[in-house]
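Chemist: dropping the sequence and predicted coords here.
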Amino acid sequence: GNSVTQMEGPVTLSEEAFLTINCTYTATGYPSLFWYVQYPGEGLQLLLKATKADDKGSNKGFEATYRKETTSFHLEKGSVQVSDSAVYFCALYYNQGGKLIFGQGTELSVKP
Amino acid sequence: DTEVTQTPKHLVMGMTNKKSLKCEQHMGHRAMYWYKQKAKKPPELMFVYSYEKLSINESVPSRFSPECPNSSLLNLHLHALQPEDSALYLCASSRRLAGTSTDTQYFGPGTRLTVL
């Protein structure tokens, strides 16, 4: 079936460090891929997305590239800030089911 | 504008109460969703309305009753809930264009529900 696997957290980084959160997926067909971010006490915000292989999504300094050959969609940011502290969810959407499949989430904590 | 609004922000209810959660979007989206989220877990899909018709019910207990009065509004009626139903309830919407292979869901801020 379709599934998403994220690296386990929590991830703790110092401000201005480089961030990578790994995300791999299993899917039939050609899903769309998403990263959502959830700040403490809030709902989910769409961070970025990619709809086909080799697409790169980017927003607020975050980037992720849809790699079909490795079935991955890793999230990266060159220099994290304290304000990036949140839970990050990788997700896939496949049209047949009309559903969004989430990974387990990765909690990021950035220290000053 | 990609705003989905939800009311109330917080709700405390007893096991015998009846209450409703409300969700609204004015983006012209034709699909709306209810999710339940426990702390530090991903959202779990409960219901999907597509073009104002219930298209997915993920075997949710009947004490949760969804309603879609029109294309902009989505309600979740609650009755005889249990303490384990305490969670963050998230609403989302998407365009759901026919003939496309992708769809992006936009989430509201959620209602934090506590059942005593």
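Modeler: Great, that's in hand. Numbering: from 1, shown residues only, chains lettered A, B, ... in the order given.
Chemist: C-alpha from now on. contacts and neighbour counts both.
Modeler: OK.
Chemist: just give me the neighbour total for A:Val4.
Modeler: As a burial measure, A:Val4 scores 22 neighbours (other C-alpha atoms under 10 Å in any protein chain shown).
Chemist: contacts for the lowest-mean-pLDDT helix or strand in chain B?
Modeler: The least trusted helix or strand in chain B, going by mean pLDDT, DSSP states H and E, turns out to be strand B:53-57, with a mean of 89. With contact meaning C-alpha atoms under 8 Å, 6 or more residues apart in numbering or on different chains, strand B:53-57 is reached by B:46-49, B:68.
Chemist: go again with 7 Å.
Modeler: Where contact means C-alpha atoms under 7 Å, 6 or more residues apart in numbering or on different chains, the residues beyond strand B:53-57 that reach it are B:46-49.
Chemist: can I get the strand ranked longest in chain A in CSV, CA atoms only?
Modeler: Among the segments of chain A that qualify as a strand by DSSP state E, the longest is strand A:86-94. Taking only C-alpha atoms (Å, rounded to 0.1, in the frame of the first residue of the first chain), the coordinates of strand A:86-94 have been written out as CSV:
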residue,chain,number,x,y,z
ALA,A,86,7.9,23.0,14.9
VAL,A,87,6.7,19.6,13.8
TYR,A,88,7.2,18.8,10.1
PHE,A,89,5.0,16.3,8.3
CYS,A,90,5.8,14.7,4.9
ALA,A,91,2.8,13.5,3.0
LEU,A,92,1.7,12.0,-0.3
TYR,A,93,-1.5,12.4,-2.2
TYR,A,94,-2.6,9.8,-4.7
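Chemist: pLDDT below threshold where in chain A?
Modeler: Regions of chain A meeting the criterion pLDDT under 70 cover residues A:96-97.
Chemist: now the strands for it?
Modeler: Listed in chain order, the strands of chain A (DSSP E) span residues A:3-6, A:11-14, A:19-21, A:23-26, A:32-38, A:44-50, A:56-59, A:62-65, A:75-77, A:86-94, A:99-102, A:106-111.
Chemist: what is the burial count for the nearest residue to A:Lys56 once chain neighbours are set aside?
Modeler: Setting aside the residues directly before and after it, A:Lys56 is nearest to A:Thr65 in space (C-alpha to C-alpha, 6 or more residues apart in numbering or on different chains), at 4.3 Å. Here the count is done by other C-alpha under 10 Å, and A:Thr65 has 20 residues near it.
Chemist: right, and A:Thr65 touches A:Ser58 too?
Modeler: No - taking C-alpha atoms under 7 Å as the definition, A:Thr65 is not a contact partner of A:Ser58, at 8.8 Å.
Chemist: gap between the least confident helix or strand of chain B and the chain center?
Modeler: On the basis of C-alpha atoms, centre = their mean, to the nearest Å, strand B:53-57 sits 12 Å off its chain's mean C-alpha point.
Chemist: ditto for stretch B:69-77
Modeler: Relative to the centre of its chain, stretch B:69-77 is centred 9 Å away, using C-alpha atoms, centre = their mean.
Chemist: distance of the residue nearest to A:Lys56 relative to A:Asn22?
Modeler: Applying C-alpha to C-alpha, to the nearest Å, the value for A:Thr65 to A:Asn22 is 11 Å.
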